[in-house]
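# I need the structure of the sequence given here:
(2 chains)
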2 protein chains.
Amino acid sequence: MYDGIVQDLIDEFGRLPGIGPKSAQRIAFHILQTQNFDVARLAELLVEVREKVRFCEVCGNITEQERCAICRDPRRDQGVICVVEEPKDVVAIERTRQFRGVYHVLGGAISPIDGIGPDDLSIPALMRRLSVGSGEEPVREVIIATDPNLEGEATAAYLSRLLTSIEIPVSRLASGLPVGGDLEFADEVTLGRAFEGRRRVE
Amino acid sequence: MYDGIVQDLIDEFGRLPGIGPKSAQRIAFHILQTQNFDVARLAELLVEVREKVRFCEVCGNITEQERCAICRDPRRDQGVICVVEEPKDVVAIERTRQFRGVYHVLGGAISPIDGIGPDDLSIPALMRRLSVGSGEEPVREVIIATDPNLEGEATAAYLSRLLTSIEIPVSRLASGLPVGGDLEFADEVTLGRAFEGRRRVE
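Next comes the predicted model:
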């Protein structure tokens, strides 16, 4: 539709997730017309990120070094491993400032529809980590923190079964009503879980 | 939140229009994890677009040459000028394949709230074009095709007043019901316009 490279740029942006043709066009024009938008910086970062960022050889989180900042941190408890699907889940949990253990990033969740089975995730690496111990010390606890959706639940169920063979306590994050939400707006599955998981007031 | 350049990339994407922090994060991870996404190509295009793309010296449309493809096309009628706000409006009108004249891109619309007055748009250039003629021949008609919103209407009204001094017929695109839409879903302003602009069936 446009002359040459403008259309190429629109097409290239349109290939990114969540960006339709209209947004891609808007972004391309923003880049064209906004002089204080630093295109060189964005261009540089794109190439740099692909070159420098890799996955932590211990936990699979993203890092610019061999081991990620969390695995390198001596104050973190290497005896407690929280299993998550993606690096962004690590960030979400870190934001709570409640967890002082380390992570294991699976790289996704089991999803037969998308053709993702246990072997496509870093489950073998997790099992190795659990058998030889994480860092200096043996693993004392595994917390499964996969997403509370179909794929995440399937992955959690698979892992729980697998981990019964190893004598380490395994837990799963609680499901229930979101804090700050209204009970009447909770879907029935969440409300059902909240009942199942009810805790005695002391 | 993330280590170094990953966060930098997320921040940079977050500065683009219509991309919030969550989308920016999703895009950054897509770029990191999808091996067949050509980062080098996107990086190259970003820099190239800013370097090579400029505005047509006649009409203000985007081009990689001095004059845009439409202004250069000898088959286009230089005697009819369609006035639009942005280069993307040119593309939208070209898609109809109904207009064979040339364009004048204002570079926006009058918007006192955003501090954009007539002098911030290429209205003086339009007036020059109308007085000296466009290309070889004198201008016979001006069609105002600004957006049918507050700013576009204000711009159209301003231009109409300004153009009464020059003896060239000026028209404005029709407002009315969108083709393929349902009457019951039309807003009252559009429906009102459709009544005002009703045409006799022959």
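# Residue of chain A closest to chain B, please.
Minimum separation of chain A from chain B (Cβ to the nearest Cβ) falls at A:Ala43, amounting to 3.9 Å. (Each C-beta comes from the backbone N, C-alpha and C, glycine too.)
# so that residue is in which element?
Under the criterion of DSSP states H and E, A:Ala43 resides in helix A:39-52.
# picking up where we left off before, excluding its backbone neighbours, what's nearest the residue of chain A closest to chain B?
B:Ala43 (3.9 Å; Cβ to Cβ, 6 or more residues apart in numbering or on different chains).
# what about that neighbour, how many neighbours?
21 (other Cβ atoms under 10 Å in any protein chain shown).
# show me where chain A has helices.
Along chain A, the segments classed as helices by DSSP state H run A:4-14, A:21-33, A:39-52, A:69-72, A:87-96, A:123-132, A:150-163, A:188-196.
# could I get those helices as a markdown table with mean pLDDT?
Formatted as a markdown table, the helices of chain A follow (pLDDT from 0 to 100):
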| stretch | mean pLDDT |
| --- | --- |
| helix A:4-14 | 89 |
| helix A:21-33 | 87 |
| helix A:39-52 | 88 |
| helix A:69-72 | 93 |
| helix A:87-96 | 87 |
| helix A:123-132 | 89 |
| helix A:150-163 | 91 |
| helix A:188-196 | 79 |
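# want to throw those into TSV with distance to B:Gly152?
Output for the helices of chain A, formatted as TSV (distance: least, Cβ to Cβ, whole Å):
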stretch	distance to B:Gly152
helix A:4-14	23
helix A:21-33	17
helix A:39-52	29
helix A:69-72	51
helix A:87-96	40
helix A:123-132	57
helix A:150-163	46
helix A:188-196	45
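# The residue sitting nearest the centre point of chain A: what's it in contact with?
For chain A, A:Glu86 is the residue whose C-alpha lies nearest the centre (Cα atoms, centre = their mean; 2.0 Å). Contact partners of A:Glu86, counting by Cβ atoms under 8 Å, 6 or more residues apart in numbering or on different chains, are A:Val105, A:Gly107, A:Gly108, B:Phe29.
# Would you map out the domains in chain A?
Listed domain ranges for chain A are A:5-51, A:77-172 (source: the TED database).
# Out of those, which gets nearest to B:Gly14?
Evaluated over these, closeness to B:Gly14 peaks at domain A:5-51, with 11.1 Å, by Cβ to Cβ.
# hmm, back to that, nearest to A:Val142, out of the helices of chain A?
helix A:150-163 (6.3 Å).
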